[in-house]
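>>> okay, here's the prediction I keep looking at, along with the sequence it came from:
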Amino acid sequence: MSFFSTKKSPASSGNRPSGFEYLSANDCYMDTACQSLRPQPVIDAEMEYYKQYNACGGRAKHKWGQRVDEKVEAARAKLLALSGKSANEYAVAFTLNATYGINLVLQQIPAGGISSIVTSETEHNSVFLPSITWSRRNNVPRKILKRDDNGTLAITGEDLSNALVIVSTLSNIDGRGLPNAKEIAAAVHKGSGLLLIDAAQHIGHDPQGLKGIDFDAAFCSGHKMYAPSCGFIIIRRTLLRRLEPFFIGGGTVSDVHGNDFTLLKGPVDEHSILEPGLQSWAGIVGLNAAIDWLAAVKPMGKSPKAYEEELAAALFSKLKAMPRIHMMNSVPRPVMSFYVDNLDAHKLAIFLSEQQIMCRSGHFCCHHYLEHERKLPPLLRVSLGLHNTASDIERFLSVLGTIVKTF
Ligand SMILES: Cc1ncc(COP(=O)(O)O)c(C=O)c1O
């Protein structure tokens, strides 16, 4: 683009947390809400698996298989610890991604005892659509509740005691959370209700954030928390036992004979009904490494959450003051969206990309809320990760300022 100076930015890879040395100083990736960059130890762990013990887990008695099992079980234990849950009460199952996990669990929940399925207006299609199909198939009413700017779900006056509530704990539009998660959990647990949370965005931006939420199942994305592409489900064992499994096969049974089969049911392997077939072993090995990396990383001496909050605050205050910009966020969060008067967000994303700045444009799989409720044009989303630096923020703002002045 001729209207830009060709001068290289001062973005320095020197103050990125270690693990992202492979980035060049001008690489400015701001699409972590889609998938985070993978730090070198995660890439190394995955490569090591391929080169040294490329076997399957859960079945093989040979040494390589045993090594896979150790990593997979270590990852399960670390995910429980990270979410503050005990192995007595909860199990962990690995999946393809959060969407697959949501569908797998939700569609196997029998309707008995459930009076309604409740979701919110801001949900990602990966929650919104399965909640529609579950409601239609089971002929159980579906309700869409409002959420305020802070993310609080409008439950006042709602009887949730037998409701199946499925909502996100961190929005992929503007990072809003679920401040009344405790109240929602208490309300559904008065009866036979359930709280399912879409935590796809949560751990990557706030590693300790699931602690204290009394969920029945949480659906997460490895690829949004520095791991390879994979997903996982943290599920209360009582819910696991309540499922009516129909998506089953290899790895889910203890015996099969003629027209009958017995599913694996022991506490050590009952998660298996959610893991039909071979898993992404390299992905899980990488996830195990990503959890360790997230626990150890201290960008600029800060916790991951505090570091991202600081970057977000710097970005938000400047963005808010720029002419023609309309922010979705009322407060700074590591995920921010906005539109610019008379400038198409898709074009803006292309202009930014020409300067090596990767941002997302569109409605981010939240059509109901953004297009139909809010009637908003496509937005530009900036989502931060631990590889981002203060220099990235400055460069983004400077390039954006030039584009907005020019068009
Ligand atoms: C809030 C939210 N929920 C669910 C998903 C789906 O995640 P996955 O890609 O792991 O299926 C996404 C993906 O962007 C998301 O942002």
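Arrived safely, thanks for sending.

>>> skip the chain neighbours and tell me the closest residue to the residue nearest to the spatial centre of the chain.
By Cα atoms, centre = their mean, the mean C-alpha position of the chain lies nearest to Ala200, the distance being 1.8 Å. Leaving out its chain neighbours, the residue that sits closest to Ala200 by Cβ to Cβ, 6 or more residues apart in numbering is Ala98, at 4.0 Å. No exception for glycine: its C-beta is placed from N, CA and C like everyone else's.

>>> and that neighbour, what pLDDT?
Looking at Ala98, its pLDDT stands at 98.

>>> mean confidence score for the helix ranked longest in the chain?
Taking DSSP state H as the criterion, the chain has its longest helix at helix 63-82. Per-residue pLDDT over helix 63-82 has a mean of 98.

>>> circling back: contact partners for the residue nearest to Ala200?
Taking Cβ atoms under 8 Å, 6 or more residues apart in numbering, we find Ala98 in contact with 126, 198-200, 219-221, 231.

>>> same list (these) but as CSV, adding pLDDT.
What follows is the contacts of Ala98, written out as CSV (pLDDT from 0 to 100):
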residue, pLDDT
Ser126, 98
Asp198, 98
Ala199, 98
Ala200, 98
Phe219, 98
Cys220, 98
Ser221, 98
Gly231, 98
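
>>> tell me which parts of the stretch 251-400 of the chain are close to the ligand?
Nowhere does the stretch 251-400 of the chain come near the ligand, counting by Cβ under 6 Å from any ligand atom.

>>> which residue ranges form the strands in the stretch 251-400 of the chain?
For the stretch 251-400 of the chain, the strands defined by DSSP state E, counting those that start in this stretch occupy 253-257, 260-263, 325-327, 335-340, 357-358, 360-362, 379-383.

>>> and these, which is most packed in?
Stretch with highest mean neighbour count among the strands of the stretch 251-400 of the chain: strand 379-383 (a mean of 26; mean count of other Cβ atoms under 10 Å).

>>> show me this structure divided up by domain.
According to automatic domain parsing, the chain comprises the domains 13-38+300-406, 43-295.

>>> next one: the first one to chain centre, how far?
Think domain 13-38+300-406. Domain 13-38+300-406 sits 17 Å away from the centroid of its parent chain (Cα atoms, centre = their mean, to the nearest Å).

>>> how close does Gly301 get to the ligand?
29 Å (Cβ to the nearest ligand atom, to the nearest Å).

>>> can you count the residues close to that residue?
7 (other Cβ atoms under 10 Å).

>>> could you do Ile132 as well?
Around Ile132 there are 16 residues (other Cβ under 10 Å).

>>> and it, what does it touch?
Ile132 touches Arg142, counting by Cβ under 8 Å, 6+ apart.

>>> which helix or strand contains it?
According to DSSP states H and E, Ile132 maps onto helix 125-138.

>>> which residue is the nearest non-sequential neighbour of His124?
Cys365 (5.0 Å).

>>> and that neighbour, how many neighbours does it have?
As a burial measure, Cys365 scores 17 neighbours (other Cβ under 10 Å).

>>> circling back to that earlier point, in helices, which of the contacts of Ala98 appear?
Judged by DSSP H, those include Ser126 as members of helices.

>>> only the buried subset of the contacts of Ala98, as a ChimeraX command please.
This is the ChimeraX syntax for the buried subset of these, where burial follows 16 or more other Cβ atoms under 10 Å:
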select :126,198,199,200,219,220,221,231
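
>>> ok, back up a step: who touches the residue nearest to His124 in this structure?
By Cβ under 8 Å, 6+ apart, Cys365 lies in contact with 124-126, 172.

>>> equivalent analysis for His124, please.
168, 172, 198, 200, 364-366.

>>> what of Ser171?
Neighbour list for Ser171: 122, 151, 177, 201, 335 [criterion: Cβ under 8 Å, 6+ apart].

>>> and it, what pLDDT?
The model reports Ser171 with a pLDDT of 98.

>>> looks to me like it is in a helix.
No: counting by DSSP: H, G, I helix; E, B strand; the rest coil, Ser171 is not found in a helix; it is coil.
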